[in-house]
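Peer 1: sharing a model prediction with you, sequence too.
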Amino acid sequence: MNSQDNALEQAKNVENIVKETAEEVVSQVENTVAEAAPEAGSTEPEKPAAAEVAAVAEEAPAADEAPVADEEAAAAEEPADEPAPAAEEEPKKVYKTKAEILERVKEIAHGEETPNKEEVDNLKTIFYKLHIAEREARMKEYLDQGGDPEKYQVQPDEDEEVFKAEMSVIKEKRAKVFMEQEAEKQENLKKKLAIIEQIKNMVTSPEEANRAYQDFKKLQTEWREIKSVPADRANELWRSYQLYVEQFYDLLKLNSEAREYDFRKNLELKTKLCEAAENLANESDVISAFHQLQKLHQEYREIGPVAKELREEIWTRFKAASTVINKRHQQHFENLRAREEENLQKKTALCERVEAIANEESKGASDWERRTKEIMEIQAEWKTIGFAPQKMNVKIFERFRAACDEFFGKKAQYFKDLKQRFAENAEKKKALVAQAQALQDSTEWKSTTDKLIALQKEWKTIGMVPKKLGDQLWNDFLGACNKFFEARNAATAGTRNEEHANLQKKRDIIAKLKAVAEEAGDNVQETVQKLVEEYQSVGHVPFREKDKVYKEYHEVLDKLYKELNISTARRRLDSFKSNLKDMARRGEDALDNERSRLMRRYESMKAEIQTYENNLGFLNASSKKGNSLIDEMNRKVQKLKDDCNLVREKIKAIDAENSEKE
């Protein structure tokens with residue numbers, strides 16, 4: 001078998017290894033893409049693209065040149081566009097106002113720079129957060145001022161219209177850039193196919209390979225200078241290129257010195273790449289280290305082979321350094337996913353808190369304001385929490401927004417109802433003001449006083465009205481009442497002075513009764529009777545003092561009657577008996593007439609006693625404690641019973657007188 005046949009057989013073996021390894025790498029890429037692909041519309045940080053994940057997947061070295069599998073995998077996943085920097089590559093600018101965002105959007109739309117998708121999406125997200133916050137603030141201000149929720153209309157936002165217009169320009173600009181890039185990739189594809197065809201023609205014989213060596217090196221340089229090609233052709237293109245490059249080297253018949261020089265040069269370059277990859281382990285920015293590693297892999301693929309006995313060693317070193325960066329990169333996103341899960345738990349807890357607050361029963365406007373403050377604090381806390389996992393981020397936000405909307409909807413309905421109640425209360429108070437003003441000039445002091453007091457009691461039963469209107473109505477109502485009472489007080493000033501004088505007189509009489517009870521001297525009954533008559537002749541006292549002085553007066557009288565045994569009834573009976581002799585001398589008719597009169601009075605008094613006792617039974621059953629009315633009725637009943645007994649004794653005395661005559 002000649003050298004050309006050996007070269008072709010070796011090339012076939014290399015191609016088989018390449019296919020098997022590439023299939024395994026592509027499978028890994030598909031799985032990674034399925035896990036990392038962001039959901040449509042999500043504003044979460046983008047996961048690494050398929051090219052980033054797969055380009056440094058751990059591959060087994062090929063037969064003659066270890067990096068072949070890695071080269072194919074990386075080439076197969078060349079991005080269709082220049083990859084956007086990852087979210088963590090550099091800190092994002094913080095935009096606090098819509099004006100700042102509009103300024104940046106205009107720079108992108110009308111500047112020379114190529115629009116970056118991530119930055120544009122970030123600007124859009126922040127703009128609409130600010131836009132929605134402003135709209136909700138305007139609505140809250142409207143409702144706080146007593147506006148009708150049903151009549152509220154969202155006002156057009158000029159900033160939003162400008163933002164939409166500039167975003168349309170950016171969209172067209174990106175579409176144009178994309179078309180230009182696609183056209184450039186197609187042109188690059190043609191160039192690389194032409195290079196492959198030229199190298200293919202160089203490997204027809206060893207002699208041709210030796211003569212075309214310098215042309216081959218130029219073609220390699222041209223290949224490296226050509227950038228992106230369509231992604232669906234990249235794998236096939238690289239595999240063909242690598243195949244014919246390997247065939248060319250296998251057929252190349254250079255002298256050993258030149259070949260060794262070439263191998264040493266390539267080894268030196270690849271060693272530097274290994275050192276650079278190893279130094280990336282000290283890079284604090286994991287994402288930046290990962291992207292730098294991609295560039296190192298691109299350079300590694302473009303360097304020619306080293307001595308056959310060193311190929312596996314140098315590749316193993318480079319692969320080991322790549323594995324360290326890959327694991328750090330993978331761990332970074334695992335930590336990111338863990339933080340996202342933690343954020344989801346925090347946001348779920350906030351949703352539950354808002355839902356619980358929304359379901360609480362309101363106890364008044366102050367309670368609504370307290371709960372509104374709690375909701376606002378929760379919303380502020382929500383903004384401090386990062387993104388949840390992409391599959392749940394939109395759902396958890398929708399749940400949070402729904403709970404907040406439910407609360408503020410209930411609040412709006414409450415204040416709408418409250419506004420209606422305020423209007424009804426205002427009408428009621430206006431009616432009371434009108435009634436009070438109609439009475440303010442009346443001179444019927446007693447009846448008007450009662451009416452105004454009734455109006456004041458009714459005023460207290462009416463609920464609140466808006467403070468400004470409430471103060472005005474109260475001032476009007478109070479002014480009407482004060483006008484009447486001031487006039488009444490001026491007109492009745494003399495009466496009040498007389499009542500205070502009467503009060504002092506009654507207190508003086510009570511003091512004299514107390515002194516009689518202590519002294520217990522002669523003529524006590526006469527003294528008490530005179531003081532009682534004097535007390536009863538005194539006129540009215542101030543209403544507030546009436547019950548107090550009445551109680552004090554009767555307490556001292558009860559004590560006198562009990563302790564000094566003053567029995568008016570006994571003396572009256574003795575006097576009646578002494579008069580019976582004179583009555584008997586006038587004839588039996590006089591005694592009979594007196595007895596008949598006394599019997600009628602006796603029956604009348606018994607009936608009256610029965611009536612009072614029935615009334616007392618009713619009052620005692622309906623009253624939890626005694627009062628002056630019951631005490632007074634008890635005294636009247638006792639006096640009636642004493643008088644009734646006296647009448648009965650008089651009847652007995654008449655009957656006794658009649659018996660003696662017989």
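Peer 2: On my side now, so go ahead.
Peer 1: what average pLDDT does the longest helix seen in the chain get?
Peer 2: In the chain, with assignment by DSSP state H, the single longest helix is helix 308-359. pLDDT averaged over helix 308-359 equals 91, rounded to a whole number.
Peer 1: C-alpha coordinates for the next helix or strand after it, PDB please?
Peer 2: For helix 308-359, the following helix or strand on the C-terminal side (DSSP states H and E) is helix 365-384. The C-alpha trace of helix 365-384 is given here as PDB (Å, rounded to 0.1, in the frame of the first residue of the first chain):
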ATOM      1  CA  ALA A 365     -61.100  54.600  56.600                       C
ATOM      2  CA  SER A 366     -58.200  54.600  59.000                       C
ATOM      3  CA  ASP A 367     -58.000  50.800  58.800                       C
ATOM      4  CA  TRP A 368     -57.900  51.100  55.000                       C
ATOM      5  CA  GLU A 369     -55.100  53.500  55.200                       C
ATOM      6  CA  ARG A 370     -53.200  51.300  57.600                       C
ATOM      7  CA  ARG A 371     -53.500  48.300  55.300                       C
ATOM      8  CA  THR A 372     -52.700  50.400  52.200                       C
ATOM      9  CA  LYS A 373     -49.400  51.400  53.900                       C
ATOM     10  CA  GLU A 374     -48.700  47.700  54.500                       C
ATOM     11  CA  ILE A 375     -49.400  46.900  50.800                       C
ATOM     12  CA  MET A 376     -47.100  49.700  49.700                       C
ATOM     13  CA  GLU A 377     -44.400  48.400  52.000                       C
ATOM     14  CA  ILE A 378     -44.800  44.900  50.600                       C
ATOM     15  CA  GLN A 379     -44.600  46.300  47.000                       C
ATOM     16  CA  ALA A 380     -41.400  48.100  47.900                       C
ATOM     17  CA  GLU A 381     -40.000  44.800  49.300                       C
ATOM     18  CA  TRP A 382     -41.100  43.000  46.200                       C
ATOM     19  CA  LYS A 383     -38.900  45.400  44.100                       C
ATOM     20  CA  THR A 384     -35.800  44.400  46.200                       C
END
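Peer 1: just want the angle from the helix or strand that helix 365-384 is followed by to helix 365-384.
Peer 2: Using DSSP H and E, the helix or strand that follows helix 365-384 in sequence is helix 390-439. For helix 390-439 against helix 365-384, the angle by axes from the mean of the first three to the mean of the last three CA atoms, to 10 degrees is 160 degrees.
Peer 1: quick one, the following helix or strand past helix 390-439 and helix 390-439 angle?
Peer 2: Downstream of helix 390-439, the first helix or strand assigned by DSSP H and E is helix 445-461. Orientation check (the same axes, to 10 degrees): helix 445-461 against helix 390-439 gives 180 degrees.
Peer 1: packing partners of the next helix or strand after helix 445-461?
Peer 2: Using DSSP H and E, the helix or strand that follows helix 445-461 towards the C-terminus is helix 467-491. Here helix 467-491 touches helix 390-439, helix 445-461, going by 3 or more CB pairs under 8 Å, 6 or more residues apart in numbering; DSSP states H and E. For glycine as for every other residue, the C-beta is placed from the backbone atoms N, C-alpha and C.
Peer 1: can you name the next helix or strand after helix 467-491?
Peer 2: Using DSSP H and E, the helix or strand that directly follows helix 467-491 along the chain is helix 493-519.
Peer 1: residue contacts, the closest residue to Thr271 other than its chain neighbours?
Peer 2: Spatial nearest neighbour of Thr271, excluding adjacent residues (CB to CB, 6 or more residues apart in numbering): Ile314 at 6.9 Å. Counting by CB atoms under 8 Å, 6 or more residues apart in numbering, Ile314 touches 66, 267, 270-271, 274, 306.
Peer 1: from Ala423, how far out is Ile314?
Peer 2: Distance, Ile314 to Ala423, using CB to CB, to the nearest Å: 89 Å.
Peer 1: low-confidence ranges, the stretch 101-250 of the chain, go.
Peer 2: The stretch 101-250 of the chain contains residues with pLDDT under 70 at 203-209.
Peer 1: just the helices in it please.
Peer 2: Ranges of helices in the stretch 101-250 of the chain, per DSSP state H, counting those that start in this stretch, are 117-144, 158-202, 206-211, 213-225, 231-251.
Peer 1: and those helices: which comes nearest Glu374?
Peer 2: Of all the helices of the stretch 101-250 of the chain, helix 117-144 sits nearest to Glu374, with 15.1 Å by CB to CB.
Peer 1: tilt between that closest one and helix 158-202?
Peer 2: Helix 117-144 runs at 170 degrees relative to helix 158-202, counting by the same axes, to 10 degrees.
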